[in-house]
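Trainee: I would like the atomic coordinates for the input below:
(one chain, ligands or ions: 2)
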Amino acid sequence: MIRRVAIVGVGLIGSSLGLAFQDINEIEEVIGIDKNSDYLQQALDIGAINRTDSLEEGVKNVDLVILATPVGIIKDLVQKILPYINPNTIITDVGSTKSNLVGELEKLTKGYNYIGGHPMTGSETVGPRGADKYLFENAIYVLTETENTRQDYLLLLKDLIERVGAQALILSPLRHDKIVAITSHLPHLVAVNLMSVIAELAEEDELLTSLIAGGFRDTTRISAGDPIMWRDIFLNNKDAVLDTISLFEEKLSYLKEIINRDSTEKLTAMLSETRDARLKLPMKKKGLLPSNFELILTLEDKPKAIAKVATLLGNNEINIQDIEVLKVREDGGTIRLSFRQEDEHLEAYQLLQQNSYKVTKK
Ligand SMILES: NC(=O)c1ccc[n+]([C@@H]2O[C@H](COP(=O)([O-])OP(=O)(O)OC[C@H]3O[C@@H](n4cnc5c(N)ncnc54)[C@H](O)[C@@H]3O)[C@@H](O)[C@H]2O)c1
Ligand SMILES: O=C(O)C(=O)C[C@]1(C(=O)O)C=C[C@@H](O)C=C1
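Mentor: Ligands and ions are numbered 1, 2, ... in the order given. As a prediction, this is how the structure comes out:
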C-alpha cells in the first residue's frame, strides 16, 4: 500500500500529482522537495504537498519517490537519494523520454525498485501555479516494463495511477521513445521552427504579428514550453527524434517540389489524404471519451461567454467533463464540451438550445 509519497520537483507535473493524491484516502502524506523555495511555498499554498523537506531527509521511509524534474537531472538526483532510501521504496519518474533513463537508472538502482513513468498529458506552463488536480484524468500514463521490473510493484504503481484518473499503458522504453518522438517531440520541433521563422520575419514587417489568427495559435502553443525541459527531451531521445526529422524533411521537400512545379493533382492528393487522416484521428485522446458525448458550441465574443455556459449547466447539476477551445476569432469562438454520461449530454444539448445557443451534437 502506498501511504507516504515524496515528490522531487514540485513543478507542473509534480504539483498536479500532489493535488490528485490529496483525494486518495490511503495517502497520508505528500512530501515536497525542490531546489526552488518559491515553488515549495506555492505547492504548500495550493495544497499539493503536506510539508517540505531536504532531498536526503524527505525520501527516508516513504513508499514512493516520484522524480518530476527535467530529464537531464534525474540520474544525478537518484544517485543522491539512494543512500537514504529504504529498499522497499518504489522509485519512479515522470520524464518524457525513457530509453536512456531507464537503462541508466536500472543499472544504478540494482537492489532497489525503479519503474519508469510518463504521463501523456501536460501543458506549456511551468511550476505549481499551473498545476491541475484533474490533469491526469483520462490521460494515458505510460509505465515501462523490463526484465528487471517487479510485478507486485508495477501493479501497485498502476493502481495508484488509475486512482488519479489516468489509464496506465505498460510499454518497453524503446517503443515508448519511438512513438513519442513522432507524437510529441516532432510537433514541438515544428512549433519551435515555425516560431523561429515568424520571429525573424516580424523584424522586417511590423504588420506580421497583427495578422496572426487561430491557425498560428493552434500550431505554436507548445513552443512556449520550458526550454530546459525540451532541451533534455531532444538530447535524451536523439536517435528517434533525428529519424522523425528526416522523414519530416522528406515530406517538406516533396511539398516544396510539387508547389514549385504547380503539380495541381499531386498537391490536391496530398492535401486530401492528410485531411482524411486528420479527420479519422481519435480526437481528444486524452479524454478517451466516446465522441457521442460531445457538444460543439459557437459563442459570441463577449466577456464571460464560457463562464455563462458553465454556470447554466452547473446550475442544472450537469457536470462538464472537459472543455476545449477549438477556434478563437475576433467575432467569437467555438468550444467543444464533453460529458461523461449520455443523459447529461442530452440534457445539456436541450438546455443550451432552449437558451438560444448555437449548439450541435457530435
Ligand atoms: N510539462 C509537460 O507537459 C510534461 C508532461 C509529461 C511529462 N513531463 C516531464 O515532467 C518533468 C517535469 O516537468 P514539468 O513540466 O513539471 O516542469 P516544471 O518546470 O514545472 O517542474 C520541474 C521542477 O523541477 C524542479 N527542479 C529542477 N531541478 C531540480 C533539482 N536539481 N532538485 C530539485 N528540484 C529540481 C524545478 O524547480 C521545478 O519545480 C520533466 O521531466 C518533463 O519531461 C512534462
Ligand atoms: O502541452 C500539451 O498539451 C501536452 O500535452 C504536452 C506534452 C505533449 O506533447 O503532448 C508534452 C510533453 C510531455 O512529455 C507530454 C505531453
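
Trainee: make it CA atoms for all contacts and neighbour counts henceforth
Mentor: Fine.

Trainee: next, the buried residues of the helix or strand hosting residue 360.
Mentor: Using DSSP states H and E, residue 360 maps to strand 358-361. Residues of strand 358-361 classed as buried under the neighbour-count rule (16 or more other C-alpha atoms under 10 Å) are residue 359.

Trainee: okay, now the domains of this protein?
Mentor: Following automatic domain parsing, one finds the domains of the chain at 4-171, 176-256, 289-361.

Trainee: what residues does the chain have near ligand 1?
Mentor: 8-14, 34-36, 39, 68-71, 94-96, 118-124, 126-127, 229 (C-alpha under 6 Å from any ligand atom).

Trainee: now do the strands in the stretch 151-300 of the chain.
Mentor: Using DSSP state E, counting those that start in this stretch, the strands of the stretch 151-300 of the chain run over residues 167-171, 294-300.

Trainee: give me whichever of the ones you listed is most buried.
Mentor: When the strands of the stretch 151-300 of the chain are scored by mean count of other C-alpha atoms under 10 Å, the highest mean neighbour count falls to strand 294-300 (a mean of 20).

Trainee: so which of the residues of the chain next to ligand 1 reach ligand 2?
Mentor: 96, 120-124.

Trainee: in ChimeraX, how would I select the buried members of these?
Mentor: Only the buried members of those enter the following ChimeraX selection, criterion being 16+ other C-alpha under 10 Å:
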select :96,120,122
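
Trainee: from the ones next to ligand 2 among the residues of the chain next to ligand 1, which single one is nearest residue 177?
Mentor: Of all these, residue 177 sits closest to residue 96, with 8.5 Å by C-alpha to C-alpha.

Trainee: wait, that closest one sits on residue 122?
Mentor: No - Residue 96 is beyond contact range of residue 122, at 10.5 Å (criterion: C-alpha atoms under 8 Å).

Trainee: returning to what we had before: closest to residue 52 out of the strands of the stretch 151-300 of the chain?
Mentor: Residue 52 lies closest to strand 167-171 among those, at 28.4 Å (C-alpha to C-alpha).

Trainee: just give the number of residues close to residue 200.
Mentor: Counted by other C-alpha atoms under 10 Å, the residues lying close to residue 200 total 10.

Trainee: before we move on, what about residue 210?
Mentor: Residues lying near residue 210 (other C-alpha under 10 Å) number 8.

Trainee: what sits against residue 122?
Mentor: 12-13, 135 (C-alpha atoms under 8 Å, 6 or more residues apart in numbering).

Trainee: out of these, which are buried?
Mentor: Neighbour counting over the contacts of residue 122 (16+ other C-alpha under 10 Å) leaves 12-13, 135 as the buried ones.

Trainee: which of these sits closest to residue 113?
Mentor: Of all the buried ones among the contacts of residue 122, residue 13 has the smallest distance to residue 113: 21.5 Å, by C-alpha to C-alpha.

Trainee: run through the residues that contact the closest one.
Mentor: By C-alpha under 8 Å, 6+ apart, the neighbours of residue 13 are 68, 94, 122, 131.

Trainee: hmm, the last one is touching residue 15, no?
Mentor: Yes - judged on C-alpha under 8 Å, residue 131 makes contact with residue 15 at a distance of 5.7 Å.

Trainee: tell me the bridge partners for the closest residue to residue 62 other than its chain neighbours.
Mentor: In this structure, residue 62 finds its nearest non-sequential neighbour in residue 4, 4.9 Å apart by C-alpha to C-alpha, 6 or more residues apart in numbering. Taking DSSP bridges as the rule, residue 4 bridges to residue 29.

Trainee: you'd agree residue 4 is up against residue 27?
Mentor: Yes - Residue 4 lies in contact with residue 27 (C-alpha under 8 Å); the separation is 6.0 Å.

Trainee: now do the buried residues in stretch 66-85.
Mentor: 66-72, 74, 78, 81-82, 85.

Trainee: nearest to residue 54 among these?
Mentor: Ranked by distance to residue 54 (C-alpha to C-alpha), these are led by residue 81 at 10.4 Å.

Trainee: quick check, the residue in the stretch 51-200 of the chain closest to ligand 2?
Mentor: Nearest residue of the stretch 51-200 of the chain to ligand 2: residue 123, at 3.3 Å (C-alpha to the nearest ligand atom).
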